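Colleague: sequence below, structure please.
(4 chains)
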Amino acid sequence: MSDPVSALGGATFDGFARVREIGPIGMVTLRAKDVAGLAEAVKAVTGTALPAPRKIEVAGERACGWMSPDEYLLVLPYAEAGAAIASLSKALAGQHFLAADVSDARAVFRVEGEKAAQVLAKLSPVDFAALQPGELRRTRAAQVAAAFWADGDGFTVVCFRSVGKYVFDLLASSAMAGSELA
Amino acid sequence: MLVLECPYCGVKAEETELSPGYEAHLKRFGPGSSDEEFESYMFARKNPKGVHFERWRHVYGCGKWFLAARCTATLEVFGTYPAQSSEPPADLVAKIKAKRPDWKGYK
Amino acid sequence: MSTRLAKGGRLIDRTATQEFSFNGKRLKGFKGDTLAAALLANDQMLVGRSFKYHRPRGIVAAGPEEPNALVNLGRGGRFEPNQRVTTTELFEGLEAKSQNHWPSLEFDVGVVNNYVARFLPAGFYYKTFIHPRPFWKHVFEPIIRQSAGLGAAPKDRDADRYEQAYAFCDLLVVGGGIAGLQAALVAGRAGARVILLEQTAHFGGRAVVDGEVIDGKPADAFVTAALAELGGMANVTVKARTMGAGVYDHGYVLADEKVADHTPGDGRPKHRLWRIRAGKILTATGAIERPLSFAGNDIPGVMLAASVRDYVVNFAVSPADRTVVVTNNDDAYRTAIALKEAGLAVPAIIDARSNVTGELPARARSLGIRIEAGRGVAKVLGGKRVTGVSICLQAGEGAVIDEIACDAVAMSGGWSPVVHLWSHCGGKLNWDTTNAHFRPDAARPPLNHDGGAMVYAAGIANGAMTTAAVLADADAQAQAAVTALGMAPKPAELPYAAPVVEGAMEAVWIMPQGATAPLKSKMWLDYQNDVKVSDVQLAAREGYESVEHTKRYTTLGMATDQGKLSNINGLAVLAGALNEDIPQVGTTTFRPPYTPVTLGALAGEARGEIFQPLRRTPMHAWHEKNGAYMEPVGLWRRPYTFPRTGETHEQAVHREVLNTREKLGLLDASTLGKIIVKGPDAGRFLDMLYTGVMSTLPIGKCRYGLMCNEQGFLSDDGVVARIDEETWLCHTTSGGADRIHAWMEDWLQCEWWDWKVYTANVTEQYAQVAVVGPNARKLLEKLGGMDVSKEALPFMQWADGTLGGFPVRVYRISFSGELSYEIAVPASHGAAFWEACHKAGAEFGAMPYGTEALHIMRAEKGFIMIGDETDGTVIPQDLNLDWAISKKKDDFLGKRGQQRNHLASPDRWKLVGFEALDGSVIPDGAYVVDSGVNGNGQRNVQGRITSTYFSPTLKKGIAMGLLKHGPKRMGEVVEFGTFKNGVQGTLKARVVDPVFFDKDGEKQNV
Amino acid sequence: MKRYSVFAIAREAMRHHTGWERAWRSPEPKKQYDVVIVGAGGHGLATAYYLGKNFGITNVAVIEKGWLGGGNTGRNTTIIRSNYLQDPSAAIYEKARSLYETLSQDLNYNVMFSPRGLLMLAQTHHEVRGYLRTVHANALQGVATEWIEPARVKELVPIINIDGPRYPVLGALYQARGGTARHDAVAWGYARACSAMGMDIIQQCEVKGVRSEGGAVTGVDTTKGFIGTKKLGIVVAGHSGQVADMAGFRLPVEAVALQALVSEPIKPCMDVVVMANTVHGYMSQSDKGEMVIGGGTDGFNNFTQRGSFHHIEETLRALIETFPMISRLKMLRQWGGIVDMTGDRSPIISKTPLGNCFINCGWGTGGFKAIPGSGWAMAELMAKGEPGALAKDFSMWRFKEGQFIDESVAAGVAH
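Modeller: Numbering: from 1, shown residues only, chains lettered A, B, ... in the order given. From the prediction side, this is the model:
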């Protein structure tokens, strides 16, 4: 078997902010609500607490984001997705939930630098000044769905794999030197 | 360019993050219903120039359907509430009545 | 002549000369000039020709209200027609050409229209060109089109790029004059998030030009201090060169930032379109001076009075040596004074008011300027340039009293607040009799999402006419807006400006008041579109009484300046003609944008590669590398075929079909939708969703399913696999994944919200490869890792395992009638697995095939294709798919719809096969004709083609289609109406079984 | 009515155009009419005109809330075509198109019908098949359309980007006698002709109520008082639901905003009308030189005549991709109209639950091109009390039967 390949093989762009594709990264969609032992089951996989609405709890390379009232996004090393689903299935057995591996269905980018938010402000109808610490914002980047959260010196941006190239090109064109917003 | 607050995630979403779904609180008529009932379910939509209850989906967000009370003549939004409601919440109805004394009410 | 003055010029840098060209002439200006200023400095007053009569046109204004001075700017990929010279900043190397003339600006043949103008009144084209009928299209219209049109059509692709950006604030202040600055200060100090926009490169508006004094210092000092204070506030953003273009509902404002218009080719985006969401909007957009309607008021050299002083003060440009000022108000005296102070001659001020008092006239008198009170201009003298004016009594009919030589006329008919942004979302206006203008009615503002006021108007845009009033109003309006936002304004001293005692203006709509018809036919209202006072009066006379009728009948205000100078004057003339008051006649609607916005900016970054998202499967790069001819399928690109050197697409498709039927074909099926449906109620849910029964599907098995909408029409199909007790995996069509997933969520969230079902769209998690053909099993066995034998994995079952070391799920399903496996592998391994299949398959004759071969093979088997056999009006029963519709279920989506009369009718068209008697391919989309015609004389029809191909397998044309009572008519010969290259014909075909190949399904069951 | 001609203009020119008479009278309403039409848009005026012309019924009032022609008639993109797929649509739109051919002469008012040709681009293989189907259908319907290859498209529209790369043009459905007309002139021409027949056009007169007795309308209450009538026609587009409400029945119609825009005028560069449905945009060039561009509709009920701006952006993206040279033109003006949409996006020309009350609505985004045909069919319905061949499929009860006239099945969208 081959090594897993991310959507763009780690493409990068340097402008007034730096854009780079990262991954492959493990991701699990967990749909569940009001299920006994949910917090513990998630913690066992990501090492984080269950996030409050619209928040993401990050612990190193693992994280758990609130996607909707009955959906979480678990982030973890690529190789661990299968085990995570097995662990969740065991912990939540007999209850109503759905855990699906979506590691390969996503493209993930880092947009870094002091003005990283300006790159995204060209694409998403989001008030960055009102973004809460630890907020996972699901929105649109130009014409496709995207989600991002602030992390380190920039943002982590997630979109669907098939439009990875589109989103990378958007981010790169937005980050072109000389086109800073302020 | 409307802004509607998603009652599930609290995002004040702009129209381009939403997808519209027309009239809210439709009663589904399936097999066994009369032709008139089925026609009214499928086609006879409310089209008031004024207070209207309608469906929206936070499609570029949490993905949830929600309902909104909105004036089609001024685009004023009176409130939003979860789709899992068979009729508008009483407090919302009261709020609209206070703002629009002439409004004949829901139904 | 117009020229550059030796000293002065607030905005120019005399040390930085910039070369530019106009109509090929090389000219010089200074950094800081507008193109208009630079042209005037070079004595280029004549800059264009009007739309209808091709009259010579000069520069009238100094800002965005300019109706005349439009040029073709730049060349090639940077060519731009209709560029307004008054808002174009000069840059080194700028190239401009005048418009709408032939052969030259000085000599224009089109001016012949001017000499026959009396035969071309408003609306003349509605009354003539009626006969003979073909002449409109072939003769009249081409001539009219050629002579209209202004700027030249660009030829090249735009060399620049654009972008958009979102911004959010509590208060958006539009206008960087003293009102806007004061409002921004008030809001900024209160802690509000403020964005301040100024359309030009400079702040301060009129106050800095007119030498106003604020807090004892020149207004410039106030502006500098205000900008410094705002610059120090983290909560305030100030943007120059950014025009507030339009106000939309719920506080949405579009603003156009001209990032690199003045530095073309520097790599930055040309424009940036801001999409601002503001809590409240404050429009401090100033006012626009109105022309006066006197005969010859369109001759080059007739300018707006305040614009004249803009040129003198800002650019040290004198529009003329001798300027006559014509006015109905005190403000225009500032122009006379400014000219005089610059050492220029003002032969007279002609004031329509008989009683001229006030401080400004007194100052003018003290400078020795002749003031003619109670007088008007009877006529402007001159052709391509003003040579003088004849004056008359304003109260009279135009008898000439005197002639005064001059080379410019500075006119002022009063000021109209810029109420565009107030009005875009329905803010109402009041008529202010004192100042003869419409101004915002604060009691009837445009409303926001909460039903409160969305826009506040401030300063002269709100009808405050003096510096002191402007500052006070801006302060008060900003406080009101901030308070409405729930914030507390900080107490601060209002900047002081000394009150000026100005005499009252007097509304003058026609000069002289009793002007005769010949004079009125020389009084221009709309300079660009050539609408005159006489035209508006004609419209009124003919019953076009509503202002919208008049506007449309005469084209008043429809030019590229959108009536900034002409609307109020036209309205007043109309009111006069109707004998009504102006407010009764009403205003026209103000439509965005305030000034025209480049289409490229509105499209933003979305061009070329990122015009639309292009969805790529993991194997996309392989397809491109291997010469695939791709076709769009939704936003995906799928290989249509993989032509080899020398092959046509058709040949390639036929090769792919035969190879797959005989050996082995590989298809990238990754775009197929894949949705997991899980939960205790999942089976029940799927039974509602599909026409068949899915709840009984055994674990490990697959079943074909159909989905209908509530009307009963077929909307999607695909194979469903039962994964475990509570889990199903639903395949959808390629274009259908998102739609069907949304459809499922809609029902789960909005109708059956108590059902315990979760869904997840995992379409992109997997690359999917269809391994198809007699050698399919051999390939899988060679890859190895799992048992894919007939026994272990029979038709319509699935299994998990590994193949060639890849983790896979294998579905034994077939859309071609061949032995076929669809293999799902995680997308990150998709490309590698695809290549592994090709490598291992080489010895078995593996070839990739595309969508067209797929379509042909399914048609040979009589399988339907959503979008071909269906079109939104077809029900499963029409396609003989009754076997996939459960008779036992009480309900499923679409069941009730299908019970309606028309859908349950026995006369519906049903699926059959067709074979042309001559073996040819029946044309796509052809209809089966029936005898006779219907009530509208249309030929009766009884069926149509839905899919038609040449079958490489059967070596003849095959087709599927719908036919009235079709299945009962096997063997019958029917007639198709054909239509090729404009020739109607017929084609006879036999009705046959739609399964053309391997009717018993032996090939897929091996 | 004095006839318009080049001679009349010459005569008037000599006296500075002071002798022109009113194009239409502005009378006060009478107490009673044979027919009252609510709505003086193109469809209402055309209905009145053909009532007079075809049936000799001239005791007619057309009453209008605002000013005549001020609704969608005066705010559309003026496209005229009849290349519809379904028989009933093709019949009525072709009737309309053929009436447009001679409308200037019929009305003695130049409506500037310009059959400059209309193209619907096929940019996917699916669209190719859809348009081939339309071409075949049209041939049997007596509508002259043809399929043309990309090279011919480029010949007709030199400014088009034929090669993609995103959506290369694979051909087009071409209607050589499709085109445009001057929208205001259509309303004005009909109004002038109606007025000349003695009909009353009553502007600034809003209907406040519909009175009926025993299942029949007796008249309407208006801001200018009660107006009695023997027959009532409701032709008010976006406000149909409100007037139907007054009459006591409900329509399967929703009102949404549709937007359009024009660029600044430039010299002629495109002689035909081009519709690109895959990318959702359509464009023509007016005689003034403006590029006239249509946008999409909103998905929510709206009576404000203001649409959501993102539709304009989407349209412009598409058109710049299709016509790269328009990128540096400027948007001069954008506006919205309220369109009335039915469940199958096809119109209603129908009897109503009230015996002498008739409705004409639901033209959605495609009403202007239908005006003469719609008026013709509605006049026949009102005069005879029963629909003729043109109108019979457009009953308001068809939805119950599931008898749709669904044009969206063709690859194209309806505009």
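Colleague: in chain A, which spans are helices?
Modeller: Using DSSP state H, the helices of chain A run over residues A:38-46, A:81-91, A:116-121, A:164-174.
Colleague: give me the contact list for the third one.
Modeller: Residues outside helix A:116-121 that contact it (C-beta atoms under 8 Å, 6 or more residues apart in numbering or on different chains) are A:15-17, A:19, A:111, A:126, A:128, A:141, A:148, A:153-155, A:157, A:171, A:174-175, A:180-182, C:165-167. Where you see a C-beta, it was placed from the backbone N, CA and C, and this is true even at glycine.
Colleague: and that helix, how far from the chain's centre?
Modeller: Taking the mean of its C-alpha atoms, helix A:116-121 sits 16 Å from the chain's own mean (C-alpha atoms, centre = their mean, to the nearest Å).
Colleague: what parts of chain A come near chain B?
Modeller: Chain A comes close to chain B at residues A:53-54, A:67-69, A:71, A:125, A:137-140, A:145, as judged by C-beta under 8 Å from any C-beta of the partner chain.
Colleague: report the central residue of chain B.
Modeller: B:Glu54 (2.1 Å; C-alpha atoms, centre = their mean).
Colleague: about what we covered before: among the contacts of helix A:116-121, which ones are buried?
Modeller: A:15-17, A:19, A:111, A:126, A:128, A:141, A:148, A:154-155, A:157, A:171, A:174-175, A:181, C:165-167 (16 or more other C-beta atoms under 10 Å in any protein chain shown).
Colleague: those also near chain D: which ones?
Modeller: Cross-checking the buried ones among the contacts of helix A:116-121 against chain D (C-beta under 8 Å from any C-beta) gives no overlapping residues.
Colleague: now, the residues you listed that are in strands?
Modeller: Among the buried ones among the contacts of helix A:116-121, the members falling in strands (DSSP state E) are A:19, A:111, A:141, A:148, A:154-155, A:157, C:165-167.
Colleague: can I get these in a markdown table with pLDDT?
Modeller: Listed next are those as a markdown table, based on pLDDT from 0 to 100:
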| residue | pLDDT |
| --- | --- |
| A:Val19 | 98 |
| A:Val111 | 98 |
| A:Ala141 | 98 |
| A:Phe148 | 98 |
| A:Gly154 | 97 |
| A:Phe155 | 98 |
| A:Val157 | 98 |
| C:Ala165 | 98 |
| C:Tyr166 | 98 |
| C:Ala167 | 98 |
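Colleague: and those, which two are furthest apart?
Modeller: A:Val19 and C:Ala167 (21.5 Å; C-beta to C-beta).
Colleague: show me how far the helix or strand containing D:Phe7 is from its chain's centre.
Modeller: If you go by DSSP states H and E, D:Phe7 is part of helix D:6-13. Put simply, helix D:6-13 sits 32 Å off its chain's centre (C-alpha atoms, centre = their mean).
Colleague: got it, and stretch A:158-176?
Modeller: Chain-centre distance of stretch A:158-176: 14 Å, with C-alpha atoms, centre = their mean.
Colleague: can you check stretch C:972-984 too?
Modeller: Distance of stretch C:972-984 from the chain centroid (C-alpha atoms, centre = their mean) equals 42 Å.
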